[in-house]
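In: Take a look and give me a structure for this.
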Amino acid sequence: MAPLVAGLDARFDWSPPFSLPVKLVALAIILAGYTLGSYALIENRYFSGVVRIQRDRGHRVVSSGPYRWIRHPGYAGALLAYLATPVFLDAPWAFLPTVFLAIALLIRTGLEDRTLQDQLEGYREYAKRVQYRLLPGIW
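Out: Numbers count the residues shown, from 1 in each chain. Sure thing, here's the model as predicted:
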């Protein structure tokens, strides 16, 4: 939905463009988000778009790589990229669907974390060591 709103913003010239330095910062944040998400994907062989315990694959807690600092680095990376994209595309109106997407991501993160704590052996202990789900020092 955000790309559609960004396209409409550009087509109907709803918003003035952001300055080049602001867009470069947004691009750096987008790249950082994709880098973090890719690092999580590489580090966690159980990374999946579906929340499930992969018993058939010997699912275990992954606590290396970015998982040393936050429990859901894939979601954190996606959140960074989502939030910076409207700035990079000169489309502040695209923040509207992006906020809803971010809220959905936060809800999913909480639900997934609860599932992992309830069903994945060792995850509760890991969650005690790595306290933050998405943002170190915040949540």
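In: Need the contact partners of stretch 96-104.
Out: Contacts of stretch 96-104 with the rest of the structure, by Cβ atoms under 8 Å, 6 or more residues apart in numbering, involve 1-2, 4-5, 79, 82-83, 85-86. Where C-beta positions appear, they are placed from N, C-alpha and C, glycine not excepted.
In: In helices only, show me the residues you listed.
Out: 2, 4-5, 79, 82-83, 85-86 (DSSP state H).
In: Which member of the contacts of stretch 96-104 is positioned nearest I42?
Out: For the contacts of stretch 96-104, the closest approach to I42 (Cβ to Cβ) belongs to L79, at 18.7 Å.
In: so that closest one makes contact with L134?
Out: Yes: the pair L79 / L134 is scored as a contact, 6.6 Å apart, by Cβ atoms under 8 Å.
In: if we can go back for a sec, widest-spaced pair of the ones in helices among the contacts of stretch 96-104?
Out: L4 and L79 (19.8 Å).
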